[in-house]
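> quick check, what structure comes out for this input:
(one chain, ligands or ions: 2)
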Amino acid sequence: MKISAASAGDHHTPTEAAWEAIRLSLRRSCGDRIFDGWLKPLALGECDLDSGEVRLTAPSAFMAEWVENDFAEQITAAWRAMLPHVARVSIVAGAEAPQRATFAVSAEPAPAAEPQPDAEASIPAGSSQLDPRYTFDSFVVGKANELAYNAARTLAEGGKLGFNPLFLHAGVGLGKTHLMHAIGHEYRARHPHARILYMTSEKFMFEFVAAMRAKDTHSFKQRLRNADVLLIDDVQFIAGKDSTQEEFFHTMNELISAGRRLVISADRSPQTLEGIEARIQSRLSWGLVADINSADFELRYNIIVKKLEGLPKGTVPDDVALFLAKRISASVRELEGALNRVIAFATLHNRPIDLDFAQEHLADQLRASQRRVSIDEIQRKVCDHYRIRQSEMGSARRAREVARPRQVAMYLAKQLTQRSLPEIGRRFGGRDHTTVIHAVKTIEALRARDAELDADVRLLLRQLEG
Ligand code: ADP
Ligand code: MG
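Ligands and ions are numbered 1, 2, ... in the order given. Take a look at the predicted model:
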């Protein structure tokens with residue numbers, strides 16, 4: 001099925017309806033300023049829903065490239081939240097767009113740029129775009145993130161610093177970028193003339209490579225060195241990329257020595273960043289390394305409550321908020337996405353939000369966001385519970401005290417993972433898939449008549465589902 005937006009005339013092909021809702025949700029998730037500057041001008045291009053290809057067009061090649069570079073991930077995620085089978089969203093220059101001759105990153109001003117008071121000291125537009133929504137005030141603190149939060153605050157307050165750099169690490173969608181922007185805002189509020197430079201590591205590489213091509217790495221480095229606070233996000237993308245990596249870490253070293261405040265984020269700890277010299281790793285670990293853990297239920301719920309503060313009371317009833325907090329546990333980003341999606345759909349259909357509505361519109365996401373449990377994790381938990389050794393999961397012993405837990409584990413593997421029966425069998429000492437079927441049936445039957453076993457299984461399910 002090919003749909004061309006231009007020929008679809010009066011709106012509301014399914015794709016167009018989705019696009020409208022996606023725009024709403026992007027506005028919510030990116031903030032008005034970024035949305036109006038970068039995303040609003042995008043138009044729906046040709047979409048092929050069979051192959052899952054979506055095309056958006058931008059008014060210029062420069063803008064297409066920039067949006068692709070900075071927002072592709074967010075845009076794709078927003079599409080998938082709405083239409084899960086979307087495989088790829090590409091952003092291209094519209095047919096009427098002027099074609100660029102050569103591409104120079106820093107030569108062209110960003111459309112949403114704030115006026116730059118002083119060219120010499122100014123930080124390029126892209127980097128001064130701290131997202132206005134990502135502040136300390138809007139960051140909800142819980143057990144999972146209090147160390148990172150406190151460190152970020154200390155660094156942002158600008159007093160004497162006992163550590164540098166601050167290295168934040170956490171899985172995706174847990175608030176690293178949010179905290180970095182918050183540092184930028186806070187520092188700027190306290191030091192209005194401070195130069196704050198926020199960069200994703202992709203942008204760092206992009207600009208560095210462009211500077212090398214233009215044979216002008218000097219001014220690039222100068223710009224970094226001029227920053228009072230330098231925030232570099234997602235450095236795992238730099239790791240392993242030889243010349244950029246080297247340049248990056250040398251510059252970081254100089255900055256640290258010069259007493260500049262440096263904040264680095266990555267999806268893993270400094271010790272596990274690959275392809276980085278030991279010397280640099282240890283330099284990074286001299287600072288403060290703070291990790292952010294997965295949000296627990298309480299934090300998830302508090303985050304929802306916080307996100308709803310700006311909306312009319314009752315927009316999202318409390319039972320729906322509790323439901324989302326309970327069920328969407330993979331990351332805060334997914335939680336937020338689910339919330340945005342429900343609100344966008346309700347706006348689109350002009351319907352109040354209740355539990356049924358939320359369940360219906362989040363079915364795919366609920367399935368996808370269930371914590372992915374591994375067979376190994378299941379085996380470990382089951383063995384812990386029954387106090388047997390994990391090697392018994394694959395052993396040939398048939399004594400009841402190990403055979404039953406083994407069956408429970410197989411049953412849980414079938415319930416909680418996507419693994420096929422033969423695969424599950426293989427992970428239990430190379431057993432046949434019929435053995436797995438037998439185990440599943442046995443436990444199902446036992447659960448109905450053996451209250452103790454049923455309680456065991458419930459407990460394990462609860463623990464494993466998080
Ligand atoms: P990361 O950079 O770690 O992938 P982000 O900082 O982009 O994650 O966070 C994803 C989304 O979740 C953002 O919209 C952010 O505002 C939100 N978020 C994450 N943690 C919190 C928190 N503790 N309080 C409020 N919002 C949060
Ligand atoms: Mg991030």
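
> would you map the strands across the chain?
2-4, 43-48, 53-58, 88-93, 166-169, 196-200, 229-233, 261-266, 288-291 (DSSP state E).

> in JSON lines, list those along with mean pLDDT, mean neighbour count and distance to A239.
From N, CA and C alone the C-beta is placed, and that goes for glycine too. Written out in JSON lines, the entries for the strands of the chain read as follows (pLDDT from 0 to 100; neighbours: other CB atoms under 10 Å; distance: least, CB to CB, whole Å):
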{"stretch": "strand 2-4", "mean pLDDT": "44", "mean neighbour count": "14", "distance to A239": "41"}
{"stretch": "strand 43-48", "mean pLDDT": "86", "mean neighbour count": "20", "distance to A239": "35"}
{"stretch": "strand 53-58", "mean pLDDT": "90", "mean neighbour count": "22", "distance to A239": "31"}
{"stretch": "strand 88-93", "mean pLDDT": "89", "mean neighbour count": "18", "distance to A239": "26"}
{"stretch": "strand 166-169", "mean pLDDT": "94", "mean neighbour count": "25", "distance to A239": "12"}
{"stretch": "strand 196-200", "mean pLDDT": "91", "mean neighbour count": "22", "distance to A239": "14"}
{"stretch": "strand 229-233", "mean pLDDT": "93", "mean neighbour count": "24", "distance to A239": "12"}
{"stretch": "strand 261-266", "mean pLDDT": "94", "mean neighbour count": "24", "distance to A239": "8"}
{"stretch": "strand 288-291", "mean pLDDT": "92", "mean neighbour count": "20", "distance to A239": "15"}
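
> out of those, flag the one nearest Y386.
Each of the strands of the chain was checked against Y386 via CB to CB, and the shortest separation belongs to strand 288-291, namely 31.6 Å.

> distance from the chain centre to the closest one, please.
For strand 288-291, the distance from its own C-alpha centre to the chain's C-alpha centre is 19 Å (CA atoms, centre = their mean, to the nearest Å).

> what of stretch 437-447?
Mean-position distance between stretch 437-447 and its chain equals 38 Å (CA atoms, centre = their mean).

> doesn't L230 make contact with M180?
No: judged on CB atoms under 8 Å, M180 makes no contact with L230 at a distance of 10.2 Å.

> just put the strands of the chain in CSV and tack on distance to A151.
Converted to CSV, the strands of the chain look like this (distance: least, CB to CB, whole Å):
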stretch, distance to A151
strand 2-4, 49
strand 43-48, 43
strand 53-58, 38
strand 88-93, 36
strand 166-169, 5
strand 196-200, 17
strand 229-233, 13
strand 261-266, 9
strand 288-291, 5
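
> right, and the ones you listed - which one's nearest ligand 2?
Proximity to ligand 2 (CB to the ion) singles out strand 229-233 among those, at 5.5 Å.

> so which elements touch the closest one?
The helices and strands touching strand 229-233, judged by 3 or more CB pairs under 8 Å, 6 or more residues apart in numbering; DSSP states H and E, are helix 176-190, strand 196-200, helix 201-213, helix 242-257, strand 261-266.

> which other helices and strands contact the last one?
Meaning strand 261-266. If you count contacts as 3+ CB pairs under 8 Å, 6+ apart, strand 261-266 packs onto helix 146-157, strand 166-169, helix 176-190, strand 229-233, helix 242-257.

> and if you look at the longest one?
When contacts are defined as 3+ CB pairs under 8 Å, 6+ apart, helix 242-257 sits against helix 201-213, helix 217-225, strand 229-233, strand 261-266, helix 278-286.

> reformat those as a markdown table; add distance to ligand 1.
Conversion of the helices and strands packed on helix 242-257 to a markdown table gives the following (distance: least, CB to the nearest ligand atom, whole Å):
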| stretch | distance to ligand 1 |
| --- | --- |
| helix 201-213 | 12 |
| helix 217-225 | 21 |
| strand 229-233 | 7 |
| strand 261-266 | 7 |
| helix 278-286 | 18 |
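
> in TSV, list those along with distance to ligand 2.
Listed next are the helices and strands packed on helix 242-257 as TSV, based on distance: least, CB to the ion, whole Å:
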stretch	distance to ligand 2
helix 201-213	10
helix 217-225	20
strand 229-233	5
strand 261-266	7
helix 278-286	18
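
> for A43, which of those is the nearest?
Between A43 and the helices and strands packed on helix 242-257, the shortest gap by CB to CB is with helix 201-213, which sits at 24.9 Å.

> could I get the helices and strands packed on helix 242-257 as TSV with distance to V92?
Formatted as TSV, the helices and strands packed on helix 242-257 follow (distance: least, CB to CB, whole Å):
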stretch	distance to V92
helix 201-213	19
helix 217-225	28
strand 229-233	26
strand 261-266	30
helix 278-286	38
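
> contacting residues for the closest residue to P59 other than its chain neighbours?
With CB to CB, 6 or more residues apart in numbering as the measure, P41 is the residue that lies nearest to P59, at 5.1 Å, once sequence neighbours are left out. Residues touching P41, when contacts are defined by CB atoms under 8 Å, 6 or more residues apart in numbering, comprise 58-59, 63.

> pretty sure I232 sits against R261.
No: when contacts are counted by CB under 8 Å, I232 is not listed as touching R261 (11.7 Å).

> show me the shaky parts of the stretch 251-400 of the chain.
Along the stretch 251-400 of the chain, the model assigns pLDDT under 70 to residues 368-371.

> interface residues of it facing ligand 1?
303, 306, 332-333, 336 (CB under 6 Å from any ligand atom).

> D384 and I375: what is the separation?
Between D384 and I375 the computed distance is 15 Å (CB to CB, to the nearest Å).

> ok, now F163?
Relative to I375, F163 is positioned 40 Å away (CB to CB).

> got any ranges where the stretch 1-150 of the chain has weak pLDDT?
Counting by pLDDT under 70, the stretch 1-150 of the chain contains low-confidence ranges at 1-14, 96-129.

> repeat that for 90
Across the stretch 1-150 of the chain, the stretches falling below the confidence threshold (pLDDT under 90) are 1-41, 45-54, 58-74, 76-88, 92-133.

> what is the burial count for the residue of the stretch 101-250 of the chain found nearest ligand 2?
The minimum distance from the stretch 101-250 of the chain to ligand 2, using CB to the ion, falls at T177 (3.2 Å). Here the neighbour count serves as a burial measure; for T177 (other CB atoms under 10 Å) it reads 20.

> beta partners of the closest residue to it other than its chain neighbours?
Of all residues beyond its chain neighbours, the one nearest T177 is D233 (5.6 Å), with distances taken as CB to CB, 6+ apart. In this structure, D233 has the following beta-bridge partners (DSSP bridges): T200.

> check contacts around D233.
176-177, 180, 198-201, 265.

> the residues you listed into JSON lines, with extra columns for distance to A72?
As requested, those are exported to JSON lines (distance: CB to CB, whole Å):
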{"residue": "K176", "distance to A72": "19"}
{"residue": "T177", "distance to A72": "15"}
{"residue": "M180", "distance to A72": "20"}
{"residue": "Y198", "distance to A72": "18"}
{"residue": "M199", "distance to A72": "17"}
{"residue": "T200", "distance to A72": "12"}
{"residue": "S201", "distance to A72": "15"}
{"residue": "S265", "distance to A72": "19"}
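
> which of the residues you listed sits closest to R28?
If you rank the contacts of D233 by distance to R28 using CB to CB, T177 comes first, at 16.3 Å.

> go ahead and confirm that closest one touches S265.
Yes: with contact defined as CB under 8 Å, T177 reaches S265; the gap is 7.2 Å.
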